[in-house]
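Asks: sequence and predicted structure below; questions after.
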Amino acid sequence: MTYLIFFLVSAALSAAITPAIIIFARRWRVLDLPSQPRKNHPKPTPLLGGLAVYLSFLIALTAYLQFGNPDYSIVPVKFFVGIIFGGLTLIIGGILDDKLNLPPKILWLFPAIASLIIVWSGIGVGITQISNPFGSPININHNFQFSIFNFQLPVILVWLWMMGMIFTTKLLDGLDGLCGGIGLIGSLTMFALSLTSKVNQPITASIAIIFAGCLLGFLFYNFNPASIFLGESGSTLIGFILGVLAIILGAKIATALLVMGIPILDVAWAIARRIFYHRSPFAGDRQHLHFRLLDVGLSQRQAVLALYAISAIFGAVAVSLQSMGKLIALVVLVFVMLIMAIMVVILYKRKHPHIPDLFDYAELTDNEKAGKISK
């Protein structure tokens, strides 16, 4: 009942705050203009959705810390400070980007600083080993000397993990409700995992269910047709919170990978493709899987719901399986991604036979595209 109350309160807060953020974004002209081919919305749409999610999360989390009687022996106060200020860093960077359209070489600094704040707070730094489905746990308690600096391996891994999760959800945010919905599913998965007898962490369950409520309240305005977008701040905040929850739960990396598996594989492919074409790995395009689902004839809602279903299925699998089972599920997930990619290619070729190369087409100039179509 306590979890349900916090879930409903955080959802109500988010649903109440979001309309005010919409008005604020319109007044200050913080809008996403449909000026690029990869934009799917027909009219200027407010950004700053991440601010609504963060404010509702901050208020609900503060109420929980005040009245929820959390066990600080499991999650120290310093952890909460790291979560709050790390999230605030992403919100500040996101607002600046939504308003000023910052270049990628500057924009990556905010996720980097937010991840460093998590390292500073001590989240995950005490992890000395990770589970091994094939035998004994793998020891990661090593130090690396670089010039006058001494780095611990857990510190490096935590920072890299946080950066990876932040950029996964950042690049996932391409369709109405997609990133927020996947984040909601991920939060509910972490909540369910926290309540299992093996984990049994009520404080982590509370954080997860509060964040899930905030995302649900926001999705009332963000699902297609969206009245507001997450923006840079919201898309990065979701990966940030999910990354933190996975670490606090005891390095439940496999669980996060299963829930976010399709987006992670899609992002990995997108980054590799952009590097191959000598483009910035952080530049946007229409090559992501969710855009390709639109290209083969699915509506925005159909594409988003299909990706919801995959994440929910693998999230449920992650909660119910042990290490070896999760490894097998990850292998299955890779095959699912490959099958989906092959099916998209086949359907796209049938729908657009005049375009010879599905994956090269988005990298061409407008004149080159016109030439291919005329042929």
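Replies: Alright, I've got the coordinates.

Asks: so where do the helices sit in the stretch 251-375 of the chain?
Replies: 253-259, 261-276, 289-295, 300-320, 323-351, 358-361, 366-374 (DSSP state H, counting those that start in this stretch).

Asks: so which elements touch the second one?
Replies: It stands for helix 261-276. helix 153-172, helix 289-295, helix 300-320, helix 323-351 (3 or more C-beta pairs under 8 Å, 6 or more residues apart in numbering; DSSP states H and E). The C-beta positions use only the backbone N, C-alpha and C, and glycine is treated the same way.

Asks: could you point out which element follows the first one?
Replies: Meaning helix 153-172. Where DSSP states H and E defines the elements, the next helix or strand beyond helix 153-172 is helix 178-195.

Asks: which positions in that following helix come out as buried?
Replies: Residues of helix 178-195 classed as buried by neighbour count (16 or more other C-beta atoms under 10 Å): 178-195.

Asks: and the most centrally placed residue in the chain, what is it in contact with?
Replies: Nearest to the geometric centre of the chain sits T169, at 2.7 Å (C-alpha atoms, centre = their mean). Contacts for T169 (C-beta atoms under 8 Å, 6 or more residues apart in numbering) come out as C179, I182, G183, S235, T236, I238, G239, L242, M260, P263.

Asks: which one is it nearest to, not counting chain neighbours?
Replies: Leaving out its chain neighbours, the residue that sits closest to T169 by C-beta to C-beta, 6 or more residues apart in numbering is G239, at 3.4 Å.

Asks: quick check: angle from the helix or strand encompassing that neighbour to helix 261-276?
Replies: Secondary structure assignment for G239, by DSSP H and E: helix 231-248. Angle of helix 231-248 versus helix 261-276, following axes from the mean of the first three to the mean of the last three C-alpha atoms, to 10 degrees, is 120 degrees.

Asks: ok, so what distance separates K105 from S115?
Replies: K105 sits at a distance of 17 Å from S115 (criterion: C-beta to C-beta, to the nearest Å).

Asks: between the two, which one's more packed in?
Replies: Ranked by neighbour count (other C-beta atoms under 10 Å), K105 and S115 place S115 first, with 25 against 9.

Asks: which residues sit in contact with V75?
Replies: By C-beta under 8 Å, 6+ apart, V75 lies in contact with Q201, I203, T204, I207, I248.

Asks: likewise L249?
Replies: Counting by C-beta under 8 Å, 6+ apart, the residues that L249 touches are M190, L193, S194, V199, Q201, T204, T255.

Asks: can you classify L61 as helix, strand or coil?
Replies: Following DSSP: H, G, I helix; E, B strand; the rest coil, the label given to L61 is helix.

Asks: the nearest residue to I182 once chain neighbours are set aside: neighbour count?
Replies: Spatial nearest neighbour of I182, chain neighbours left out: S311 (5.3 Å); criterion: C-beta to C-beta, 6+ apart. Using other C-beta under 10 Å, S311 is surrounded by 23 other residues.

Asks: and D357, what pLDDT?
Replies: On the pLDDT scale, D357 is placed at 47.

Asks: which residues of the stretch 1-150 of the chain fall in helices?
Replies: With DSSP H, counting those that start in this stretch as the criterion, the stretch 1-150 of the chain has helices spanning 2-27, 49-67, 77-100, 104-107, 109-121.
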